[in-house]
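Asker: Next input, structure requested:
(3 chains)
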Amino acid sequence: MNKRMNLLMFSGDYDKAMAGLILANTARDINVDVTMFFAFWGLFLLRDPEKMTLEDKTIYEKLMTVITPKGPEALPLSKMNFSGLGKWMLEEMMEDQGAPQLIHFLKGARKKNIKFYACKLSVEIMGFKAEEFLPEVEIIDAQAYLKDALDSDMQLFI
Amino acid sequence: MNKRMNLLMFSGDYDKAMAGLILANTARDINVDVTMFFAFWGLFLLRDPEKMTLEDKTIYEKLMTVITPKGPEALPLSKMNFSGLGKWMLEEMMEDQGAPQLIHFLKGARKKNIKFYACKLSVEIMGFKAEEFLPEVEIIDAQAYLKDALDSDMQLFI
Amino acid sequence: MNKRMNLLMFSGDYDKAMAGLILANTARDINVDVTMFFAFWGLFLLRDPEKMTLEDKTIYEKLMTVITPKGPEALPLSKMNFSGLGKWMLEEMMEDQGAPQLIHFLKGARKKNIKFYACKLSVEIMGFKAEEFLPEVEIIDAQAYLKDALDSDMQLFI
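Answerer: Numbering: from 1, shown residues only, chains lettered A, B, ... in the order given. As a prediction, the model looks like this:
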């Protein structure tokens, strides 16, 4: 039987998203099953920048849609972001090393049969619509997450 | 035999406390045993706002008592807190969805036979007294936490 | 067979480094095997303040070497750091309680046969050299980390 890894992606930071996606891709390379469950700020990583909508949203939901990072490339660093300067420098350093950018790790993960789940309660509270997310994303509740996590060989809260 | 979940609550952020308590409540709903071990900033969630005391405390301990969030409702967001504006907006959005507030998830957890432990070393360093916490809270050391965590089916650092 | 604990040290915060090292030391005291894998900001904890070098580094790598915390004592708090004032106060409070400082927990961990791994990709991106780290540190890739983590009884992302 395969090993299984379950990641709860909570933070919505560029660097932590990177960490989670590198682990997810690497796990698939050694045939480990991977579930990524995105909650709260983690949902920002799943947004398709092309598919933002303001329809049928309250004023708060519109604000949440507009003032938050639209898609993976817009996420800030958890540290030393310096209004984007630190992040820009880190991206340059990654390019110097020939390391893939966040968007490539995300693209890799989407091709590697990783399960992408969005937290139902978080989606409702923030007022996001299912069609604003990447097409792979399935919306599930905390109970479904827990059952998956409890049957996995490792779980991380990122 | 029941499954067991162990959460190390470190951060003291409103949103992460919410995440931990939602997981804890949901786990109990499917009959999973739950331990929550609160350390460092996580202790702020366990303080009873009515029971603050300054007696027998050093000047640093008095400061720590007074300048830190007194109880669950006073915790800030880990992101986009905007001096409380972001948190206020999030709470409004939760109310719009009929989602329970943090205090209700905490109340639920207290009724559901979840073990609440406070980290002995953190309590000593911050100078809190046992009577400043909710009555369910038991103070244990890192070794007791580890034994519980190692025997659990999943562990998260929140 | 021994129990095993695997910690992914990501944050580079003083308080979280403390939490990780206390858990690591405590685990060894009860004969649990411990792996600590340091990635991204977590690498700052492994730097030997005496061994900083700027040779053979790009301008970004030099900046990264100079503007980031050099060694454990220079790490900031994740919260209430107040430009170092909060951290100073916390250290005073720890001294009042006779609690060891971060550097002592690190020294303890280094003597207790804990495995210290640095993330290869993080080291390359940040441009650190192997000789800038403590001598115990071994550089491994994400795949080696995952295999260790998946075979452990608990894993935390700190």
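
Asker: Stretch A:130-143: which residues count as buried?
Answerer: A:132, A:133, A:134, A:137, A:139, A:140, A:142 (16 or more other Cβ atoms under 10 Å in any protein chain shown). (C-beta placed from N, C-alpha, C; glycine too.)

Asker: For the helix or strand encompassing residue A:34, which strands pair with it and how are they oriented?
Answerer: Assigned by DSSP states H and E, residue A:34 belongs to strand A:33-38. For strand A:33-38, the paired strands and their directions (DSSP bridges) are strand A:4-9 (parallel), strand A:115-119 (parallel).

Asker: thinking residue A:4 is in contact with residue A:152, fair?
Answerer: Yes - the pair residue A:4 and residue A:152 qualifies as a contact (Cβ atoms under 8 Å) at a distance of 4.2 Å.

Asker: coming back round to it: what sits up against the strand holding residue A:34?
Answerer: Applying Cβ atoms under 8 Å, 6 or more residues apart in numbering or on different chains, the contact partners of strand A:33-38 are A:2-9, A:20, A:24, A:27-28, A:45-46, A:109, A:112, A:114-119, A:122, A:137, A:140, A:145, A:148-149, A:152.

Asker: from memory residue A:142 sits against residue B:20, does it?
Answerer: No - judged on Cβ under 8 Å, residue A:142 makes no contact with residue B:20 at a distance of 11.3 Å.

Asker: Can you pull out the low-pLDDT segments for chain A?
Answerer: Filtered on pLDDT under 70, chain A yields the residue ranges A:1.

Asker: May I ask you to name the longest helix in it?
Answerer: Criterion DSSP state H: the longest helix present in chain A is helix A:14-29.

Asker: Sort out which residues of it are buried, please.
Answerer: Within helix A:14-29, the residues scored as buried using 16+ other Cβ under 10 Å are A:14-28.

Asker: Could you do stretch A:81-91 as well?
Answerer: A:81, A:86, A:87, A:89, A:90, A:91.

Asker: ok, the residue most central in space within chain A - contacts?
Answerer: Residue closest to the mean C-alpha point of chain A, counted by Cα atoms, centre = their mean, is residue A:45 at 3.7 Å. Counting by Cβ under 8 Å, 6+ apart, residue A:45 touches A:9, A:12, A:17, A:38, A:71, A:72, A:75, A:106.

Asker: most surrounded residue in those?
Answerer: Tallying neighbours with other Cβ atoms under 10 Å in any protein chain shown puts residue A:9 at the head of the contacts of residue A:45, with 30 neighbours.

Asker: now, the most widely separated pair of the buried residues of stretch A:81-91?
Answerer: The largest separation in the buried residues of stretch A:81-91, counting by Cβ to Cβ, is between A:81 and A:91 at 11.9 Å.

Asker: What helix or strand is residue A:107 located in?
Answerer: Using DSSP H and E, residue A:107 falls in helix A:102-111.

Asker: so what secondary structure elements neighbour that helix?
Answerer: helix A:14-29 (3 or more Cβ pairs under 8 Å, 6 or more residues apart in numbering or on different chains; DSSP states H and E).

Asker: again, only this time at 10 Å
Answerer: Contact analysis of helix A:102-111 by 3 or more Cβ pairs under 10 Å, 6 or more residues apart in numbering or on different chains; DSSP states H and E lists helix A:14-29, strand A:115-119 as its packing neighbours.

Asker: Residues contacting the last one, please?
Answerer: Among residues not part of strand A:115-119, those counted as contacts by Cβ atoms under 10 Å, 6 or more residues apart in numbering or on different chains are A:6, A:8-10, A:24, A:33-40, A:42-43, A:45-46, A:106, A:109-110, A:125-126, A:128, A:130, A:133-142, A:144-145, A:148, B:19, B:22.

Asker: what sits against residue A:82?
Answerer: Contact analysis of residue A:82 by Cβ under 10 Å, 6+ apart lists A:76, A:88, A:89, C:67.

Asker: Which one of those residues is nearest to chain B?
Answerer: Nearest to chain B among those, counting by Cβ to the nearest Cβ, is residue A:76 at 8.9 Å.

Asker: Would you check that that closest one makes contact with residue A:69?
Answerer: Yes - at 7.0 Å, residue A:76 and residue A:69 qualify as touching, with contact defined as Cβ atoms under 10 Å.

Asker: Pull up the overlap in contacts between the two.
Answerer: Joint contacts of residue A:76 and residue A:69 (Cβ under 10 Å, 6+ apart) are A:12, A:13, A:14, A:44.

Asker: Between all of the contacts of residue A:45, which two are at the greatest distance?
Answerer: Using Cβ to Cβ, the pair of the contacts of residue A:45 lying farthest apart is A:9 and A:71, separated by 14.6 Å.

Asker: on that earlier part again, what touches both of residue A:4 and residue A:152?
Answerer: Taking Cβ under 10 Å, 6+ apart as the contact rule, residue A:4 and residue A:152 both touch A:32, A:33, A:34, A:35, C:150.

Asker: Out of these, grab the one that's most surrounded.
Answerer: With neighbours set by other Cβ under 10 Å, the maximum within the shared contacts of residue A:4 and residue A:152 is found at residue A:34, which has 23 neighbours.
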